[in-house]
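>>> task: produce atomic coordinates for the following.
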Amino acid sequence: MHLQVSNVCKSFGRGSNAKLVLDQVSFSLESGDFKALVGSSGSGKSTVMRLIAGLDQPSSGVISMDGQPVRGPGSDRGMVFQKYSLYPWLTAAENVAFGMQLQGRSKQEVRERTSYFLDVVGLADSARRMPRELSGGMQQRVAIARALAAEPKLLLLDEPFGALDIQIRESMQEFLHELWRQTGLTALLITHDLEEALLLASEVHIMAPSPGRIVRTVKVDLDRRDMAHLRVSQPFLELREDLARSLRGLEPAGVR
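This is a model prediction of the structure:
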């Protein structure tokens, strides 16, 4: 798998009312990469995600998957957005199974993978519950399980853990890292949470706002075998503070 984002610009509106929200954004992902885009509100990171997902088109520049331009949504990209979007008429298990059924997997495989991924997100006991019977955090966990179960080439994560309480969020971060380590999945994380980006990504792109653009890229080489220890380790804290200073320097006047 190869994702290439090349000199992408995005404007909304036309003529004198046009507003440039992304300016010359370029980066790439190869199979097995886990990268993150980090920026404050207005930096355009979620717009980048929508463009890669095929939900919108660049004003200029090119986004391609395996050499083919991205022109719309596809099963090669699994999406977990900030706002969970479950089918309200399906149970939790049926929501997780939905994408796999579209892929034509056998009933047994769909059943086994549905059970497995509901278990890893802590919802094995909620398989038959409807979305309206689940809290917001539980609904987002179902959405995460649904995306993972379909085995996309690229997993797009737009602040996927923002609705979860801290204990579940840390558990999901550890699970996602372990899944990446064992399977070599390819993922792009969009977040404003520096700690989350550093815990999960091997490369972090810092985005500045107005218009959104990448202003710094940092390779992250940390020992993630014990994330609880990593969170309080000196190298981690020093890198987090270094990047936090970069982000604070990008904030518009008056925000601080």
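
>>> number of nearby residues for the residue nearest to Val218 when sequence neighbours are not counted?
What sits nearest to Val218 in space, not counting adjacent residues and going by CB to CB, 6 or more residues apart in numbering, is Val204, at 4.9 Å. For glycine as for every other residue, the C-beta is placed from the backbone atoms N, C-alpha and C. Neighbours of Val204 under the rule other CB atoms under 10 Å: 22.

>>> repeat for Arg77
Arg77 is flanked by 21 other residues according to other CB under 10 Å.

>>> next, Gly162: secondary structure please.
Classification of Gly162 by DSSP: H, G, I helix; E, B strand; the rest coil places it in coil.

>>> ditto for Leu3
strand.

>>> please apply the same query to the one 3 residues further on.
Reducing the assignment at Ser6 to three states with three-state DSSP gives strand.

>>> residues contacting the closest residue to it other than its chain neighbours?
Among residues not flanking Ser6 along the chain, Val62 sits closest, at 4.8 Å (CB to CB, 6+ apart). For Val62, the contacting residues are 4, 6-8, 69, by CB atoms under 8 Å, 6 or more residues apart in numbering.

>>> nearest to Ile214, out of those: which one, please.
The closest of these to Ile214 turns out to be Val8 (CB to CB; 10.4 Å).

>>> doesn't Phe27 make contact with that closest one?
No - using CB atoms under 8 Å, Val8 is not in contact with Phe27, being 9.5 Å away.

>>> of the two, which one has the most company?
Higher neighbour count among Val8 and Phe27: Val8, with 23 against 17, using other CB under 10 Å.

>>> lowest average confidence, helix or strand, in the chain?
Ranking every helix and strand in the chain by mean pLDDT, DSSP states H and E puts helix 166-183 at the bottom, with a mean of 83.

>>> for the closest residue in space to Gly72 that isn't next to it in sequence, grab the count of nearby residues.
Leaving aside its sequence neighbours, Gly72 sits nearest to Gly54 (CB to CB, 6+ apart; 4.3 Å). Other residues within reach of Gly54, judged by other CB under 10 Å, total 18.

>>> could you check the angle the helix or strand harbouring Leu37 makes with helix 166-183?
Leu37 belongs to strand 34-38 when assigned by DSSP states H and E. Strand 34-38 runs at 140 degrees relative to helix 166-183, counting by axes from the mean of the first three to the mean of the last three CA atoms, to 10 degrees.

>>> where do the strands of the chain begin and end?
2-12, 19-30, 34-38, 60-65, 68-69, 77-80, 154-158, 186-191, 203-208, 213-219 (DSSP state E).

>>> in terms of mean pLDDT, which of the ones you listed ranks lowest?
Note on the strands of the chain: lowest mean pLDDT is at strand 77-80, with a mean of 89.

>>> tell me the gap between that one and the middle of its chain.
Distance, stretch centre to chain centre, for strand 77-80: 8 Å (CA atoms, centre = their mean, to the nearest Å).

>>> now do stretch 89-109
With CA atoms, centre = their mean as the basis, stretch 89-109 stands 22 Å off its chain's centre.

>>> what's near enough to touch Pro160?
Pro160 touches 80-82, 140, 143-144, 172, 189, counting by CB under 8 Å, 6+ apart.

>>> list just the nearest of those residues to Thr183.
Among these, and counting by CB to CB, the member closest to Thr183 is Ile144, at 15.0 Å.

>>> give me the nearest residue to the closest one, chain neighbours excluded.
Val80 (5.3 Å).

>>> distance check, that neighbour against Asp193.
Remark: distance between Val80 and Asp193 (CB to CB, to the nearest Å) = 15 Å.

>>> among the two, which residue is more densely surrounded?
When neighbours are counted by other CB under 10 Å, Val80 and Asp193 differ, and Val80 comes out ahead with 22 against 17.

>>> who does the more buried one bridge with?
With DSSP bridges as the criterion, Val80 is bridged to Leu157.
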